[in-house]
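Colleague: how would this look folded up:
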Amino acid sequence: MLRPATVLGLLATCLVLNARASIDPKDFDLSIRPQDDFYGYANGGWIKRNPIPADRSSWGTDDQIDANNERILHEIAEKAATAKHPGFIEKMVGDFYASGMDQASADSLGAAPLKPLFDRIASITGPSDFPHLVAELHRAGVGVCFSFGSEQDPKNSAMMIAGQGQGGLGLPDRDYYLRDDDGSKALREKYVAHVAKMLRLSGEKEPEAGTDAQAVMRLETSLAKASKSAADLRDPVANYHPMALGDVGKLSTHFDWGAYFSGMGLSPVPASVDIGQPEFLQGLDREIAGTSIQDWKAYFRWHLIHDNARYLSSPFVDENFAFFAKELTGTPQPRERWKRVLSVVDENVGEALGQLYVAVAFPPESKARVLKLVGNVRLALRERLQHLEWMDEPTRAAAVAKLDAMGVKIGYPDKWIDYSTLVIDRGPYVLNVLRSNEFAEKRDMAKIGKPVDRTLWGMTPPTVNAYNNIGMNEIVFAAGYLQPPLFDPAADDAANYGAIAATVGHEMTHSFDDEGRQFDKQGNLSDWWSAESAKRFKERAAGIVRQFSAYVAVDNLHVNGELTQGENIADLGGLRIAYAAFEKAQAGKSAAKVGGFTPQQRFFISYAMSFRSNDRPESLRLLVNTDPHAPNRFRVNGPLSNLDEFAQAFAVPEGAPMRRAPADRVVIW
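Modeller: From the prediction side, this is the model:
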């Protein structure tokens, strides 16, 4: 066991691995023992020295990378906006950015650019008008009533189909409407006041705005009651209901789906649709039949304002921030306008901006090193699968085959989106957003009934994120994520394997978590597990649920072990696999200590540092209520407390908080 005083002496002579990925003595809190709280030990000093900026709800490793990426993108956008002879991509980025930065024009226009859509809402007289109006709003990116789009057929992964699901809420999750505690009731009252204020800003008078805001709450609460919980939405079998168009009509007799599809530009009309939550559709239909047209108009007006508030005049921007940022996440002040505009440019023409970004931020040698690291992690997982004692041979063979078939996308697409039909100019900011939404919806509708295009990406190159697409059986890492300190081509194996390789293992393991394991190597929803292996997996997964459900995130709010189950399984598996890959990469290399730490210790320190974060209490509450990831402290301490390798590296004794009792330790992958 390393005593704090001993560690202090070791840190005093800490050697920097390189200028960007390093172990800094000031990052540690030496009043905390590694065996008691490794997250606090490795990150406590950093947390004390890095208060949350006033324009953010949290501040951590990902946010640092994001801030550095913002500086790069800012320079790119400024150059594009002032270029004398820009190319097509550069002009698109420059014009979008310039329109967003023209706050004076946005303030002078108010909500006027939305008048055609307000007039369209005002013109409806009854439910027969709903299908075309909802389609028009969906094409504009306004999320009313339900969600709809193309999706990969869960049982025929080679084809794209039409998919419909629950949606249409203004608050982040259905539970915000349903909880009975005093805090939730108070928040709903503030939400109604916010809706009323936004309606007044759009031109409504009192008492009409207040009455309409109450109508919006009544209608959204009804939709929330018909919605599934976030945890229940994780079950792919229970949320897959392909239906012939005629059967869909029987679920919602007051909504003409043929007219809606026509309004979405679908020709021919899809013969069938995957209805994710039939009960929701029935609930929506009851509201279409039973709610007054005036209340529906208020609902449509509210969502048009809500989904476009960020792009309108300052009063809309400020009021939107006051509720959805300050109230819900505790963020004291908005981000600088250029940062907000860059985010919107990335959301809407991210593969245009991304082409300019990767040219300066992600060289070929970085991609090559990441690919090599991914290959090593895959080999480590393959070896684990081949020796799992709880998995029988037929299931093992299928698991290995799935891993071998897994695709890998690193950095950026091989084929970029063709934006040649999208019009971006220096006119009203919000109109650029609306045209971008229309462009995106048209691309999405064109996929329905067509073979899957496996070259497409689900995020933009500057994004600080990674994902596993279980339908594609692939893992994807954006160039924006593959930056120091998570990945540094100049860092040693301990730094890179502890941070980015653990994330690679995490994403790979998602293919075998509670949800991903239900899909085969082609990405089809198919049961390839033997009954006995499935039983043993569920027993182990139940241990993860119990472990994380016991953690208290903030006040008396516990982590939702069911909702976070998949991410917690992936964290534990990814860490174990990354460590095995690291040990192989380390074989034959120097085991010399750096700053007093062995390579094995630095691996775990790097892992913990990759999750360091300061979070506002309001932000933590929102995360626990809506996010399938546990708070970062538990993403470190939870998996590590199950690992013998960690206990050995830091001499953690039995009975210590960071060493779960043998009967409680969870081992899956």
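
Colleague: secondary structure element for the closest residue to Q522 other than its chain neighbours?
Modeller: Leaving out its chain neighbours, the residue that sits closest to Q522 by C-beta to C-beta, 6 or more residues apart in numbering is S157, at 5.2 Å. Where you see a C-beta, it was placed from the backbone N, CA and C, and this is true even at glycine. Using DSSP states H and E, S157 maps to strand 156-166.

Colleague: what do you get for R71?
Modeller: If you go by DSSP H and E, R71 is part of helix 61-82.

Colleague: buried ones in that helix?
Modeller: Neighbour-count burial for helix 61-82 flags 61-66, 68-70, 72-74, 76-77, 80-81 (criterion: 16 or more other C-beta atoms under 10 Å).

Colleague: Can you name the residues that contact the residue nearest to V93 when sequence neighbours are not counted?
Modeller: Excluding the flanking residues, the one nearest V93 by C-beta to C-beta, 6+ apart is A80, at 4.5 Å. A80 is in contact with P86, E90, K91, V93, G94, Y97, L356, counting by C-beta atoms under 8 Å, 6 or more residues apart in numbering.

Colleague: what about the last one, neighbour count?
Modeller: By the criterion of other C-beta atoms under 10 Å, L356 has 23 neighbours.

Colleague: before we move on, what about the fifth one?
Modeller: Applying the criterion other C-beta under 10 Å, we find 23 residues in the vicinity of G94.

Colleague: just how off-centre is the strand or helix carrying it within its chain?
Modeller: Assessed by DSSP H and E, G94 sits inside helix 88-101. Average the C-alpha atoms of helix 88-101, do the same for its chain, and the two points are 26 Å apart (C-alpha atoms, centre = their mean, to the nearest Å).

Colleague: list the buried ones in that helix?
Modeller: 89-101.

Colleague: Kindly report the same for stretch 464-472.
Modeller: The neighbour-count check on stretch 464-472 (16+ other C-beta under 10 Å) flags V464, A466, Y467, N468, N469, I470, G471, M472 as buried.

Colleague: Make sure the last one is indeed in a strand.
Modeller: No - under DSSP: H, G, I helix; E, B strand; the rest coil, M472 sits outside any strand and is assigned coil.

Colleague: for the protein, what are the low-confidence residue spans?
Modeller: Filtered on pLDDT under 70, the chain yields the residue ranges 1-22.

Colleague: in it, which spans are strands?
Modeller: Along the chain, counting by DSSP state E, strands occupy 58-60, 146-153, 156-166, 242-244, 272-275, 407-411, 466-469, 474-478, 552-554, 557-558, 613-615.

Colleague: any idea which of these is most buried?
Modeller: Comparing the strands of the chain by mean neighbour count (mean count of other C-beta atoms under 10 Å), strand 474-478 ranks first with a mean of 24.

Colleague: Any idea how far apart the tips of stretch 588-605 sit?
Modeller: 22 Å (C-alpha to C-alpha, to the nearest Å).

Colleague: now do stretch 232-242
Modeller: Counting by C-alpha to C-alpha, you get 18 Å between the two ends of stretch 232-242.

Colleague: Could you do stretch 158-174 as well?
Modeller: End-to-end for stretch 158-174, by C-alpha to C-alpha: 33 Å.

Colleague: chain center to it, what's the gap?
Modeller: Here stretch 158-174 is found 15 Å from its chain centre; the criterion is C-alpha atoms, centre = their mean.

Colleague: can you pull the contacts of the residue nearest to K297 when sequence neighbours are not counted?
Modeller: Nearest in space to K297, with sequence neighbours left out and distances taken as C-beta to C-beta, 6+ apart, is I121 at 5.7 Å. Listed by C-beta under 8 Å, 6+ apart, the contact set of I121 reads L133, K297, F300, R301, L304.
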